[in-house]
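Q: What follows is a predicted structure for the sequence shown.
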Protein chains: 2
Amino acid sequence: MARAATTSDVFNAVAEPRRREILGLLVVKELQVGDIVALVKLDQPSVSKHLRVLRDVGLVHVRRNGRHKLYRTNAQGIRPLHEWAGTFERYWTHQLNRVKERAEAKMKRDLESKDSAKENS
Amino acid sequence: MARAATTSDVFNAVAEPRRREILGLLVVKELQVGDIVALVKLDQPSVSKHLRVLRDVGLVHVRRNGRHKLYRTNAQGIRPLHEWAGTFERYWTHQLNRVKERAEAKMKRDLESKDSAKENS
DNA sequence: TTGACATATTCCTATATGGGAATGTAATTT
DNA sequence: AAATTACATTCCCATATAGGAATATGTCAA
């Protein structure tokens, strides 16, 4: 079998760098497709397809304005990702603490060995 | 062209549900491959391949113990993801506030129209 | 209605997997 | 050394894109 469909999953949707870029633009300001095309270096059809994926997973909203379509990031759609990653936070802080502790223990050892060297001189 | 290589990017690496599952196991406790195979419902080669991807992007560490290999999640590898998602936090809280404000404004309107109905009775 | 503009979708192709099966490799036991 | 155990890698195949080109759809202007 192959990989799961990008369309059905926020994690897959943001796996694409250009889509992350687009999300970053659209969270600041509502933009029409042409603006996005101008900002990211992609053809219009590609942009439309990325927007389609983002829309399908609920990461952007669309609104029609005349013949333009205004897209906007739905920031709340990113929360599941943030929360998932957040479950690892206690582990990485713990790991950082251990690194720090080891560094301090080593510094202490080094100082002591210097002292003993001094005593032996 | 096709999609970017999973191997070279943390975002792509965690796009795979089984890999997220494995990361969740290995962050709690160092496990050998056989344990993982038993816990997730995958064949050993598949698990090894997922571990390979995770290792290539630095999301897990390996350590050999006799003929076993002990894997452990490198929680710090998940920070970039958490931080990227975190840049959207101010926007989703803002959006939530707007929803709340609208709800409160509506409730106020409803109450006032009830009052005016009372006056007209 | 016709023409122009803004997007979306479809068709096509090269590439990247993910799983299954088979095989290779390293370390341990007998 | 041979057999065994624990993993890793390779080969094969079906599927899922991502981008390019062409085409379709929708909206507004004249």
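A: Structure's in. What do you need? Numbers count the residues shown, from 1 in each chain, chains lettered A, B, ... in the order given.
Q: hey, let's count contacts and neighbours off CA atoms from now on
A: Will do.
Q: if I look at A:Leu59, how far off is DNA strand C?
A: To DNA strand C, A:Leu59 is 14 Å away according to C-alpha to the nearest atom of the strand, to the nearest Å.
Q: wait, isn't that residue in contact with A:Pro80?
A: No: the criterion here is C-alpha atoms under 8 Å, and A:Leu59 misses it with A:Pro80 at 11.3 Å.
Q: The longest helix seen in chain A: which residues count as buried?
A: Counting by DSSP state H, the longest helix found in chain A is helix A:89-119. For helix A:89-119, burial by neighbour count (16 or more other C-alpha atoms under 10 Å in any protein chain shown) applies to A:89, A:91-92.
Q: could I get the residues you listed as TSV with distance to A:Ile22 and pLDDT?
A: Shown next, in TSV, are the buried residues of helix A:89-119 (distance: C-alpha to C-alpha, whole Å; pLDDT from 0 to 100):
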residue	distance to A:Ile22	pLDDT
A:Glu89	27	97
A:Tyr91	31	96
A:Trp92	29	94
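Q: Just the CA coordinates for stretch A:98-107, please, in CSV.
A: C-alpha atoms of stretch A:98-107 as CSV (Å, rounded to 0.1, in the frame of the first residue of the first chain):
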residue,chain,number,x,y,z
ARG,A,98,19.9,16.3,32.1
VAL,A,99,22.3,17.8,29.6
LYS,A,100,22.7,20.8,31.9
GLU,A,101,23.2,18.6,35.0
ARG,A,102,25.8,16.6,33.3
ALA,A,103,27.7,19.7,32.2
GLU,A,104,27.6,21.0,35.7
ALA,A,105,28.8,17.7,37.2
LYS,A,106,31.6,17.7,34.7
MET,A,107,32.6,21.2,35.6
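Q: any idea of the mean pLDDT for it?
A: Stretch A:98-107 carries an average pLDDT of 83.
Q: again, but for stretch A:38-46
A: pLDDT averaged over stretch A:38-46 gives 94.
Q: which of A:Leu59 and A:Pro80 has more neighbours?
A: Set side by side, A:Leu59 and A:Pro80 show more neighbours around A:Leu59, with 21 against 13, by other C-alpha atoms under 10 Å in any protein chain shown.
Q: ok, now which ones touch that one?
A: Going by C-alpha atoms under 8 Å, 6 or more residues apart in numbering or on different chains, A:Leu59 touches A:10, A:23, A:73-78.
Q: Most neighbours out of the residues you listed, which is it?
A: Top of the contacts of A:Leu59 by neighbour count (other C-alpha under 10 Å): A:Thr73, with 27 neighbours.
Q: Now the residue nearest to it when sequence neighbours are not counted. Its backbone dihedrals?
A: Leaving aside its chain neighbours, A:Thr73 sits nearest to A:Val60 (4.2 Å; criterion: C-alpha to C-alpha, 6 or more residues apart in numbering or on different chains). When quoted as degrees, to the nearest 10, the phi and psi of A:Val60 stand at phi -140, psi 160.
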